[in-house]
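[1] Structural data only, the sequence is not supplied:
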């Protein structure tokens, strides 16, 4: 059985939170109608912008979606 003392608990929480390298949510923008349709989580170490072919509800077809600022 493992007993965690109060200071040890906070040490593990601080170390675990430092390991998370996630940016916030990033919107994907349709390149034809410029609507923001999708949100993704992006890791901090990626320097290139994400782009994918996704379905746009406004255009009613598959279009290229790029990461917004």
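    It's in. The shown structure was predicted, so the numbers you read here are calculated from the model rather than taken from an experiment.
[2] what does the model give the nearest residue to residue 31 once chain neighbours are set aside for pLDDT?
    Excluding the flanking residues, the one nearest residue 31 by C-beta to C-beta, 6 or more residues apart in numbering is residue 64, at 4.7 Å. (C-beta placed from N, C-alpha, C; glycine too.) Listed pLDDT for residue 64 reads 95.
[3] so where does residue 64 fall, helix or strand?
    strand 61-67 (DSSP states H and E).
[4] Counting by contacts, list what that strand packs against.
    Secondary-structure packing of strand 61-67 (3 or more C-beta pairs under 8 Å, 6 or more residues apart in numbering; DSSP states H and E): strand 22-30, strand 36-43, strand 51-56.
[5] give me that answer again for 6 Å
    Secondary-structure packing of strand 61-67 (3 or more C-beta pairs under 6 Å, 6 or more residues apart in numbering; DSSP states H and E): strand 22-30, strand 51-56.
[6] Give the partner strands of it in its sheet and their orientations.
    strand 22-30 (antiparallel), strand 51-56 (antiparallel) (DSSP bridges).
[7] so which of those strands comes closest to residue 38?
    Of all the strands paired with strand 61-67, it is strand 22-30 that lies closest to residue 38, at 4.1 Å by C-beta to C-beta.
[8] picking up where we left off before, give me the contacts around the strand holding residue 64.
    Identification of contacts with strand 61-67 by C-beta atoms under 6 Å, 6 or more residues apart in numbering yields 26, 28-32, 49-56.
[9] Tell me the buried residues within those residues.
    Among the contacts of strand 61-67, those scoring as buried are 26, 28, 29, 30, 56 (criterion: 16 or more other C-beta atoms under 10 Å).
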